[in-house]
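> Got a predicted structure here, sequence first:
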Amino acid sequence: MKFAMKTLIAAAAFTAAGMASAASATLNAGATLAVPGYTLSDLTGSGTLTFSTTLIGALNAGKVTVSGIAPATATVVNKTNAATGVVSISSASAAAPVTSLTGDLVGNTLTVTNVGTAGGAFQNAAVKNIATNTGSLSITNLNVDLVNKKVFADLVGGNGVGSLSQVYLWDIVNPIVGSTTFTLPAAGGVMSSTNTISGLKITTASFDLFAQSMGLTANGITSLKTVTDFGTIVSTISAKATVATTPAVPEPSTYALMGLGLVGMSLVARRRAK
């Protein structure tokens, strides 16, 4: 039997590369995920977006109301001006359950790369005023890219914007506070992490979508441009790691060594043939 050395080396390299990329996987809430040596399950947690004071100021300028979109819940505190009787927003936040966690597993260290949540917040400008000609915008299903520091979301906007899926909404300007890695416990157990993401800067394209959806006037656009930070996201995540009862998948290096072993066998076979 004849073996092609170059073919075997290429096959070993492709096998190793394929196994390395397979280490990246997604755990969804309510599901299980098998990774080398473990089974991951019981994903829970939430991501709470707290609106910045400058964003609240822009919303108040347009007399915008804020409410939650299930399964997220909104907490809005209003205040009333004693002299004028005008009601405005004092603080606002939306807490959304974590629905997915994507990460890269190296050894027993899982580095989280993406976190997804469900639900969000609805912003409604029902009354025409100096800042808006009326409009609305819902922001739901955030997907936070922790590697590239970007936040994506589903948008449903008024004034002809319609439904848009996973729009590149914000850049994360500030460093992420808190660990973005899990160490899988040798005997199994629950892993948890808390992170703070701040400095949410809206992209140019999303700014235009926001302005159109809310029907902003020139005054409203000027007010929105003052919002350089849309808020802070605090996320808490936990998952359960159970030690697998089946043999773990070999490391990529093992496949590479197997390939080299086959190369050696081919050389011996060729010498014997001669």
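Here it is on my side, so go on.

> quick one: low-confidence parts of the stretch 1-150 of the chain?
Applying pLDDT under 70 to the stretch 1-150 of the chain flags residues 1-23.

> give me every residue that touches the nearest residue to residue 146 once chain neighbours are set aside.
Among residues not flanking residue 146 along the chain, residue 180 sits closest, at 5.4 Å (C-beta to C-beta, 6 or more residues apart in numbering). From N, CA and C alone the C-beta is placed, and that goes for glycine too. Contact analysis of residue 180 by C-beta atoms under 8 Å, 6 or more residues apart in numbering lists 111-112, 146, 193, 195.

> for those residues, which one is nearest residue 174?
Residue 174 lies nearest to residue 195 out of these, by C-beta to C-beta, at 11.8 Å.

> secondary structure element for that closest one?
Element membership for residue 195 (DSSP states H and E) is strand 189-198.

> now the strands for the stretch 51-200 of the chain?
With DSSP state E, counting those that start in this stretch, the ranges of strands along the stretch 51-200 of the chain come out as 65-69, 73-80, 87-106, 109-117, 120-125, 135-145, 150-157, 162-172, 181-183, 189-198, 200-202.

> Return the set of buried residues in the longest one.
Burial within strand 87-106, assessed by neighbour count using 16 or more other C-beta atoms under 10 Å, is assigned to 89, 92-105.

> quick check, nearest of those residues to residue 151?
Distances from residue 151 to these, taken by C-beta to C-beta, are shortest for residue 96, at 12.2 Å.

> what bridges to that closest one?
With DSSP bridges as the criterion, residue 96 is bridged to residue 47.

> Can you name the residues that contact it?
Counting by C-beta under 8 Å, 6+ apart, residue 96 has contacts 46-49, 71-72, 117-120, 142.

> can I see the domain layout of this protein?
Domain ranges of the chain: 1-17+252-274, 39-102+112-243, per automatic domain parsing.

> Would you mind pulling the contact partners of stretch 183-195?
Against stretch 183-195 from outside (C-beta under 8 Å, 6+ apart): 37-38, 42, 105, 108-110, 112, 176-182, 234-243.

> taking the domains of the chain together, which one is wrapped up most tightly?
domain 39-102+112-243 (a mean of 18; mean count of other C-beta atoms under 10 Å).

> picking up where we left off before, with distance to residue 225 as extra columns, can I get the strands of the stretch 51-200 of the chain in a markdown table?
Below are the strands of the stretch 51-200 of the chain laid out as a markdown table (distance: least, C-beta to C-beta, whole Å):
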| stretch | distance to residue 225 |
| --- | --- |
| strand 65-69 | 20 |
| strand 73-80 | 24 |
| strand 87-106 | 19 |
| strand 109-117 | 27 |
| strand 120-125 | 17 |
| strand 135-145 | 17 |
| strand 150-157 | 18 |
| strand 162-172 | 15 |
| strand 181-183 | 37 |
| strand 189-198 | 20 |
| strand 200-202 | 10 |
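
> Between those strands, which one is closest to residue 219.
strand 120-125 (12.8 Å).

> List of residues touching the closest one?
So strand 120-125 is in contact with 49, 59, 62-69, 72, 74, 92, 94, 96, 131-132, 134-142, 153-154, 214-215, going by C-beta under 8 Å, 6+ apart.

> angle of that strand against strand 87-106?
Counting by axes from the mean of the first three to the mean of the last three C-alpha atoms, to 10 degrees, strand 120-125 lies at 150 degrees to strand 87-106.
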